[in-house]
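Student: Next one to model:
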Amino acid sequence: MIHLTETAASALRQAIEGAEHPVEGLRLMVEVGGCAGFKYMMGLVASGEPEDAVFESGGIRLFVDEESLPHLAGTTVDFVSSLEGAGFTFDNPQAAWSCACGKSFG
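Tutor: The predicted model follows:
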């Protein structure tokens, strides 16, 4: 299961409402790369893929591919705003470590 905080869900609802094209939900995935070995990737999508795991959190549909799912199981996605800027953060129990930017993990 993947969870969105209310702040993250609210930010995503605003993004979906402002999208140029119809959006069915958010794709979350992990790719090899980043400072720590894996990096988080996310983006709004018009539809999921047939093999995707599908979750719903905060009224937002989440699509996760089979390869990314074990790396993201139990993750909470938040949206934070600070003096340094605003963006999504990931609290991932599968990560043994993460880099200072919070966008990659190992």
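Student: mind listing what Gly74 touches?
Tutor: Contact analysis of Gly74 by C-beta atoms under 8 Å, 6 or more residues apart in numbering lists Met1, Ile2, Asn92, Pro93, Gln94. No exception for glycine: its C-beta is placed from N, CA and C like everyone else's.
Student: Mind checking which of those residues are buried?
Tutor: Neighbour-count burial (16 or more other C-beta atoms under 10 Å) applied to the contacts of Gly74 gives Ile2, Asn92.
Student: doesn't Leu62 fall inside a helix?
Tutor: No: according to DSSP: H, G, I helix; E, B strand; the rest coil, Leu62 belongs to no helix; its state is strand.
Student: nearest to Ala73, of the contacts of Gly74?
Tutor: Lowest distance from Ala73 to the contacts of Gly74 (C-beta to C-beta) belongs to Gln94, with 6.1 Å.
Student: so where is the chain shaky, pLDDT-wise?
Tutor: Residue ranges of the chain with pLDDT under 70: 34-36, 97, 99-106.
Student: before we move on, the earlier item: going by distance to Phe79, which of the contacts of Gly74 wins?
Tutor: The closest of the contacts of Gly74, once distances to Phe79 are taken by C-beta to C-beta, is Ile2, at 14.4 Å.
Student: thinking again about what came up before, distance to Glu49 and secondary structure for the contacts of Gly74 - can I get that in a markdown table?
Tutor: Shown next, in a markdown table, are the contacts of Gly74 (distance: C-beta to C-beta, whole Å; DSSP: H, G, I helix; E, B strand; the rest coil):
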| residue | distance to Glu49 | secondary structure |
| --- | --- | --- |
| Met1 | 19 | coil |
| Ile2 | 16 | coil |
| Asn92 | 22 | coil |
| Pro93 | 25 | coil |
| Gln94 | 22 | coil |
